[in-house]
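[1] Predicted model follows, preceded by the sequence.
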Amino acid sequence: PCPLAALVALSFSGAIGLTFLMLGCALEYYGVYWPLFVLLFYFICPIPHFIAKRVGEDSEAASSACRELAYFFTTGIVVSAFGFPIILARVEAIKWGACGLVLAGNAVIFLTILGFFLVFGRGDDFSWEQW
């Protein structure tokens, strides 16, 4: 598969996910920008993977404690990103429609992040380290 086409598809899906997030905040009916705090979860989501990759570089084992701990922290970050808008809607800080748009954006963005690591994280000639 062409890496450039994969990069364009991932950029497009990331833009769609961010559009859902912005619609959940900026539509006049919703008009509250609290869901933008979900962006923090998007930025910190790959950090455990980067740390585990750096620390566990010398180990070629199929499973290591460091990698499993990174999976655990990443899962906690993703679950928190989905829970945050639900909690905001439950305490009526945002409307449930905005919550649905943010959850849809979360799903698209996290699948985009996963797709990025699946396409560019193989360690072949064309990997994410080149970006």
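    Yes, it's here.
[2] okay, and the helix or strand of the chain with the least pLDDT?
    When the helices and strands of the chain are scored by mean pLDDT, DSSP states H and E, helix 47-55 comes last with a mean of 87.
[3] give the contact list for the spatially most central residue of the chain.
    Centroid check for the chain by C-alpha atoms, centre = their mean gives Phe110 as the closest residue, at 3.3 Å. The contact partners of Phe110, by C-beta atoms under 8 Å, 6 or more residues apart in numbering, come to 42, 45, 78, 81. Where you see a C-beta, it was placed from the backbone N, CA and C, and this is true even at glycine.
[4] ok, now how distant is it from Leu18?
    12 Å (C-beta to C-beta, to the nearest Å).
[5] For the next helix or strand after the least confident helix or strand of the chain, name the packing helices and strands.
    Following helix 47-55 in sequence order, the next helix or strand is helix 65-90 (DSSP states H and E). Applying 3 or more C-beta pairs under 8 Å, 6 or more residues apart in numbering; DSSP states H and E, we find helix 65-90 packed against helix 38-44, helix 47-55, helix 96-120.
[6] any idea which of these is most buried?
    The highest mean neighbour count among the helices and strands packed on helix 65-90, using mean count of other C-beta atoms under 10 Å, belongs to helix 96-120: a mean of 18.
[7] quick check: mean pLDDT across that one?
    Helix 96-120 comes out with an average pLDDT of 93.
[8] angle of it against helix 65-90?
    Here helix 96-120 runs at an angle of 160 degrees relative to helix 65-90 (axes from the mean of the first three to the mean of the last three C-alpha atoms, to 10 degrees).
[9] From what I see, Gly24 and Lys95 are in contact.
    No - between Gly24 and Lys95 there is no contact under C-beta atoms under 8 Å: 9.0 Å.
[10] neighbour count winner among the two?
    Neighbour totals were compared for Gly24 and Lys95, and Gly24 leads with 28 against 17 (other C-beta atoms under 10 Å).
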